[in-house]
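Student: could you look at this predicted model? Sequence included:
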Amino acid sequence: MSIAARRPHDNGLRYGTAAGYIHVGSSPRRGLGSTVHAITAVSAWPLPDLARLLGQKELVMAYVVDFTNVSTVGLESSPVAAALAGLRANEARYFKNKYGHDFTVEPAGEARETISYVERILKEERDLVIESRPLEATTFLAGDIRWAYVFYESGLSVNVLYAVDDAGKRAVGFKLSDGMEVPAELASRFKFARQKSKLAGTIRGSFFVIRGEY
């Protein structure tokens, strides 16, 4: 069996087939007939033993974002990879400090449902289509709010904040990595405010309120 797994490297988890140490968590996933094994953290599982343990079962590579030692893992193809990694780490730090949540992302190919959800809201609310390729996404519940994030190759981050309570706040946020150009599909339609971040440098952000139900 050939396994594409992430191994410890520079305080991050990277793809590889060489021996390494990983932790495997198992959970059912909607639309798949077998258990999905999500590799999420460093532990004491040598990869050859993992192959024997899992047989032919599917592996999903999930990365718990480290905001102490910022890594570009999963974002390497972005022309502003370091800045995008800082932006991702900035979000991870916020959710850890405010909610105690470990910000965990999946590759776009394994997060199609989340990406489709975000794309649907953009299209139906503002007739927006993001031209850049999605690299990673995540969705989770924190503070009675359903959050969804998509990180794009251009350096753009789009997040949906959707309160469980009907009276709560519901909005879409855009954040631009330091050094990237404003995407053409956003440039004429949104004004961006600037904020400084130790992890991400200068972040430019904008948002709109969600009117529909999703």
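Tutor: Noted; the coordinates are in hand.

Student: in this protein, where is pLDDT below threshold?
Tutor: Residue ranges of the chain with pLDDT under 70: 1-60.

Student: now the strands for it?
Tutor: Per DSSP state E, the chain carries strands over the ranges 5-9, 12-16, 21-27, 36-46, 59-61, 63-64, 104-107, 134-142, 145-152, 156-163, 170-176, 193-197, 201-209.

Student: longest single helix anywhere in this protein?
Tutor: For the chain, the helix with the greatest residue count under DSSP state H is helix 81-99.

Student: which other helices and strands contact it?
Tutor: Counting by 3 or more CB pairs under 8 Å, 6 or more residues apart in numbering; DSSP states H and E, the packing neighbours recorded for helix 81-99 are strand 134-142, strand 145-152, strand 156-163, strand 193-197, strand 201-209. Every residue, glycine included, has its C-beta placed from N, CA and C.

Student: do you know how far the closest residue to residue 142 other than its chain neighbours is from residue 77?
Tutor: Among residues not flanking residue 142 along the chain, residue 99 sits closest, at 4.1 Å (CB to CB, 6 or more residues apart in numbering). When distance is defined by CB to CB, to the nearest Å, residue 99 is 30 Å away from residue 77.

Student: next one: residue 122
Tutor: With CB to CB as the criterion, residue 122 and residue 77 are 22 Å apart.

Student: who does the nearest residue to residue 105 once chain neighbours are set aside form a beta bridge with?
Tutor: Excluding its sequence neighbours, the residue lying closest to residue 105 (CB to CB, 6+ apart) is residue 136, at 4.2 Å. Beta-bridge pairing for residue 136 (DSSP bridges): residue 107, residue 151.

Student: contacts for the longest helix of the chain?
Tutor: With CB atoms under 8 Å, 6 or more residues apart in numbering as the test, helix 81-99 has contacts from 65-67, 70-72, 75, 78, 101-103, 105, 136, 142-143, 147, 149, 151, 155, 157, 159, 175, 177-180, 197, 199-201, 203.
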